[in-house]
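In: make a model of this:
(one chain, ligands or ions: 2)
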Amino acid sequence: MAFATSALVRSLSTSASRQAAIKHVTVIGGGLMGTGITQVAAQSGHNVTMCDVSDDIVQKGLARIQDSLKRVVKKKYKDDPTAGQKFFDSTMENIRIDTNVERVAASTDLVIEAIIENLDIKQKLFSSLDKVAPQHTIFASNTSSLPIKDIASTCERQDRFGGLHFFNPVPVMKLVEVVRFGATSNETFQSLTDFGQAVGKTTVSCKDTPGFIVNRLLVPYMMEAVRMLERGDASAKDIDVAMKLGAGYPMGPFELTDYVGIDTCKFIMDGWHELDPDQPLFKPSELVNKLVAEGKLGMKSGEGFYSYKK
Ligand SMILES: CCCCCCC[C@H](O)CC(=O)SCCNC(=O)CCNC(=O)[C@H](O)C(C)(C)COP(=O)([O-])OP(=O)([O-])OC[C@H]1O[C@@H](n2cnc3c(N)ncnc32)[C@H](O)[C@@H]1OP(=O)([O-])[O-]
Ligand SMILES: NC(=O)c1ccc[n+]([C@@H]2O[C@H](COP(=O)([O-])OP(=O)(O)OC[C@H]3O[C@@H](n4cnc5c(N)ncnc54)[C@H](O)[C@@H]3O)[C@@H](O)[C@H]2O)c1
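Out: Ligands and ions are numbered 1, 2, ... in the order given. Now for the predicted structure:
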């Protein structure tokens, strides 16, 4: 019994020391996902700096976080507004915004990248950060579909690189997929798992395979819905109603594609089509390409499969 206890104490203390090691988090990308990741990291007591390419974008991202936090406070502290205000203020105090990624990354413990779903841009970003970030700093990508191994390929710190795949909306969705590839060390994998749990999520782990777990199953379903619409078998609205009432989904596939961003969906499909050109499931969709070309990206642009203009 004594041995087991000491082993348990040792593992808990190791996990605690790993968590203590992640005090400052750099989130790169102040969009749909970067803002949500920044919020949940700050809510759980981490110091977070959210970076993007322009001050206007990070300011807008901060405003989105404040709006989201207000929803959390309204729900969680409805009976204690004073505690709610304290929670709001302490979370916001944990957040900084910046546009100089290299400067921020020079003194951070964990970088979480949530920028555009483009392999070349992600590789270039990590390659530049690899030169300035401290030796102990862990790199993670929130990519939906790109191989972590490929994203990490421009970095020396292959052992300190993994995937942390959050789900949209991050403050609400309870899952994080922790992804390792061949070079990811056990220490890094455990630190990413501990971090995912420290920000209040349930973690699952999987190999570095296309779409990890959820998207490997979700992308084919959502693309089949697009094909069904393109064939004229049913309307977008009826397909959404059918999947909500018939399969119990909280959103139908077109509501979800608008919520996720039709551009992100296109980037995912284009990437998988390139990897496996003969797979009919990943054949580019003319309808998706048309909507993106017209700037109809879903909720984030005010119009996608549905219109969100007030
Ligand atoms: C083709 C390729 C496609 C693949 C794409 C892959 C993308 C990616 O890699 C994977 C994913 O993320 S896949 C996507 C995975 N995600 C999904 O599948 C999502 C599926 N959808 C859902 O789970 C629900 O529709 C929602 C939770 C989005 C909204 O819930 P609802 O009941 O319909 O409406 P509600 O009343 O608005 O919200 C209810 C409560 O939630 C709270 N809250 C909400 N938003 C919040 C925020 N931003 N902040 C804070 N809190 C927020 C709020 O407290 C609210 O209570 P309140 O009293 O009203 O304040
Ligand atoms: N949207 C979703 O539901 C969802 C869910 C899970 C994971 N993801 C993944 O998260 C990532 C971001 O997706 P999103 O939906 O937040 O996209 P988004 O378009 O909302 O935000 C992307 C942000 O990245 C910024 N950016 C682009 N290049 C940059 C660079 N070089 N340096 C700094 N910032 C840069 C853009 O200005 C933009 O603000 C993608 O890899 C996506 O696959 C998306």
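
In: need the residues of the stretch 201-310 of the chain near ligand 2, please.
Out: 260, 261, 264 (CB under 6 Å from any ligand atom). In short, each C-beta sits where N, CA and C put it, glycine included.

In: from those residues, pick the one nearest ligand 2.
Out: Nearest to ligand 2 among those: residue 260, at 3.6 Å, using CB to the nearest ligand atom.

In: so the closest one versus residue 224, what's the distance?
Out: Distance, residue 260 to residue 224, using CB to CB, to the nearest Å: 16 Å.

In: quick one, helices of the stretch 101-250 of the chain?
Out: Taking DSSP state H, counting those that start in this stretch as the criterion, the stretch 101-250 of the chain contains helices spanning 101-105, 119-130, 148-152, 186-198, 214-231, 236-247.

In: of all these, which one is nearest residue 141?
Out: Closest to residue 141 of these, according to CB to CB: helix 148-152, at 5.0 Å.

In: for the closest one, output the C-alpha coordinates as PDB.
Out: The C-alpha trace of helix 148-152 is given here as PDB (Å, rounded to 0.1, in the frame of the first residue of the first chain):
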ATOM      1  CA  ILE A 148       0.900  17.500 -36.900                       C
ATOM      2  CA  LYS A 149       4.100  15.800 -38.200                       C
ATOM      3  CA  ASP A 150       3.900  18.000 -41.300                       C
ATOM      4  CA  ILE A 151       3.200  21.200 -39.400                       C
ATOM      5  CA  ALA A 152       6.200  20.400 -37.000                       C
END
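
In: residue 260 and residue 224: who's more crowded?
Out: residue 260 (24 against 13; other CB atoms under 10 Å).

In: tell me the residues of the stretch 51-200 of the chain that contact ligand 2?
Out: Within the stretch 51-200 of the chain, the positions near ligand 2 by CB under 6 Å from any ligand atom are 52-53, 57, 114-117, 121, 125, 142-144, 166-168.

In: which helix is the longest one in the chain?
Out: Counting residues, the longest helix found in the chain (DSSP state H) is helix 55-76.

In: buried sites along it?
Out: Of all the residues in helix 55-76, those buried under the rule 16 or more other CB atoms under 10 Å are 57, 58, 61, 62, 64, 65, 68, 69, 72, 73.

In: right, is it up against ligand 1?
Out: Yes - contact between helix 55-76 and ligand 1, assessed by CB under 6 Å from any ligand atom, occurs at 68, 71, 72, 74, 75.

In: for stretch 104-115, same thing?
Out: No - figure legend: stretch 104-115 not in contact with ligand 1 (CB under 6 Å from any ligand atom); closest approach 10.3 Å.

In: how long is that stretch end to end?
Out: Stretch 104-115 has its terminal residues 16 Å apart, counting by CA to CA, to the nearest Å.

In: average pLDDT for it?
Out: The average of the pLDDT scores along stretch 104-115 is 98.

In: repeat that for stretch 221-232.
Out: 96.

In: how about stretch 70-89?
Out: When pLDDT is averaged over stretch 70-89, the result is 95.

In: got a list of contacts for it?
Out: Stretch 70-89 is contacted by residues 43, 69, 171 when judged by CB atoms under 8 Å, 6 or more residues apart in numbering.

In: and the next helix or strand past the helix or strand that contains residue 257?
Out: Using DSSP states H and E, residue 257 sits within helix 253-260. Downstream of helix 253-260, the next assigned helix or strand under DSSP H and E is helix 262-275.

In: how far out from the middle of the chain is that next one?
Out: Between the centre of helix 262-275 and the centre of its chain there are 16 Å (CA atoms, centre = their mean, to the nearest Å).

In: which residues touch that helix?
Out: Here helix 262-275 makes contact (CB under 8 Å, 6+ apart) with 116-119, 144-146, 210-211, 215, 219, 222-223, 257, 279, 282-285, 288-289, 291-292, 296-298, 304-305.

In: which among the residues you listed count as buried?
Out: 117, 119, 144-146, 210-211, 215, 219, 222-223, 257, 282, 285, 288, 291-292, 296-298, 304-305.
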